[in-house]
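[1] Pasting the sequence and the predicted model now:
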Amino acid sequence: MSGHSHFATIKRQKAANDSVKGNIFSKMARAIMIAAKSGGDPDMNFRLRVEIDKARGVNMPKENIERAIAKATTEALNLEEISYEGFGPSGVNVIIEAATDNKNRTAQEIKNALDKAGGSLAGPGAVLFNFEHKGYLLLKKDSDPQTQMLKIIDMGVEDVEETDDGIEVYVAPDKLSATKKILEGAGAEILETELQMKPKNPVEVSDDQAKKVLALLSALEDFDDVQKVFTNIK
């Protein structure tokens, strides 16, 4: 199992556990509020549409979603979206996306986590050039994954990969919602939908190194301010 697939599995298990604690709803609300700052109509704001779909995917109550949108569009929102770049164990690249009302607190928490893992916080642009912004969907495999992938490719998506967790599909960010509708219309079961930073050149790491990286990423995601974490391990 690749590190990427392993981490994807861990994220889904962790999301299920966090859902019980309510942590995932808090993160979802922040993501929706940040997206809604550009407009509260999901039909006109594709990013908001993606975040709402993701919130529904973890069974976030409708009233929570509507409250987050209302707060972002009717109040002075004291939330700022910031991306941090750094290096983890073995020098792997890490991008941390956060939504915070206190930049100093968030930066210090992230720096401490990276330092503790043997990594370091880096300046803007240090690792960003190794990633590209993509829309991501994870589909449940059917009985014939190869035929399934060929059908998906014919739909005009940018990239399709089979993993242990399912079929990963990548598209341009602004085509994510439309692609999701097309795939669902074709009978596909969508397990996950997300805007991601995809590594251009994933690096191989040993099992021991992967465990250290995965532990760091999980620790970073435990911070309330952190929304998403990406790495370039393969």
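    It's in. Numbering: from 1, shown residues only.
[2] Going by C-alpha atoms from here, please, whenever you check contacts or count neighbours.
    Noted.
[3] Could you chop this structure up by domain?
    3-74, 80-129+201-231, 130-199 (automatic domain parsing).
[4] Columns mean pLDDT on top of those, output as TSV?
    As requested, the domains of the chain are exported to TSV (pLDDT from 0 to 100):
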stretch	mean pLDDT
domain 3-74	80
domain 80-129+201-231	93
domain 130-199	92
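[5] Now mean neighbour count too, for those domains, in TSV please.
    Converted to TSV, the domains of the chain look like this (neighbours: other C-alpha atoms under 10 Å):
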stretch	mean neighbour count
domain 3-74	18
domain 80-129+201-231	18
domain 130-199	17
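[6] what does the host helix or strand of residue 68 contact?
    Residue 68 is located in helix 62-74, with elements delineated by DSSP states H and E. Contact with helix 62-74 is made by 29-30, 32-34, 36-37, 39-40, 52, 55-56, 77, as judged by C-alpha atoms under 8 Å, 6 or more residues apart in numbering.
[7] Stretch 186-193 now?
    50, 53-54, 57, 135-140, 180, 184.
[8] Which two among the contacts of helix 62-74 are spaced furthest apart?
    With C-alpha to C-alpha as the measure, no two of those lie farther apart than 56 and 77, at 22.8 Å.
[9] Setting the sequence-adjacent residues aside, check what's closest to residue 47.
    Spatial nearest neighbour of residue 47, chain neighbours left out: residue 35 (6.0 Å); criterion: C-alpha to C-alpha, 6 or more residues apart in numbering.
[10] ok, now how distant is residue 135 from residue 25?
    Going from residue 135 to residue 25 by C-alpha to C-alpha, to the nearest Å gives 21 Å.
[11] Apologies, that question was intended for residue 42.
    19 Å.
[12] Can you tell me the element residue 121 falls in?
    Residue-wise, residue 121 maps onto strand 120-122 under DSSP H and E.
[13] bridging residues for residue 168?
    residue 138, residue 161 (DSSP bridges).
[14] contacting residues around residue 130?
    The contact partners of residue 130, taken as C-alpha under 8 Å, 6+ apart, are 199-201, 232.
[15] Save the residues you listed as a markdown table, and put in secondary structure and distance to residue 216 too.
    Output for the contacts of residue 130, formatted as a markdown table (DSSP: H, G, I helix; E, B strand; the rest coil; distance: C-alpha to C-alpha, whole Å):
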| residue | secondary structure | distance to residue 216 |
| --- | --- | --- |
| 199 | strand | 18 |
| 200 | coil | 21 |
| 201 | coil | 20 |
| 232 | coil | 13 |
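[16] What is the nearest of those residues to residue 91?
    Nearest to residue 91 among the contacts of residue 130 is residue 232, at 10.1 Å by C-alpha to C-alpha.
[17] Pretty sure that closest one sits against residue 94.
    Yes - contact between residue 232 and residue 94 holds when scored by C-alpha atoms under 8 Å: they sit 7.0 Å apart.
[18] What segments of this protein are helices?
    Along the chain, counting by DSSP state H, helices occupy 3-21, 23-36, 46-57, 62-74, 103-116, 145-154, 176-185, 207-221.
[19] So what touches the last one?
    So the one you mean is helix 207-221. By C-alpha under 8 Å, 6+ apart, the surrounding residues in contact with helix 207-221 are 3, 7, 11, 88-90, 110, 113-114, 117, 226-229, 233.
[20] Between helix 103-116 and that helix, find me the angle.
    Interaxial angle of helix 207-221 relative to helix 103-116 (axes from the mean of the first three to the mean of the last three C-alpha atoms, to 10 degrees): 160 degrees.
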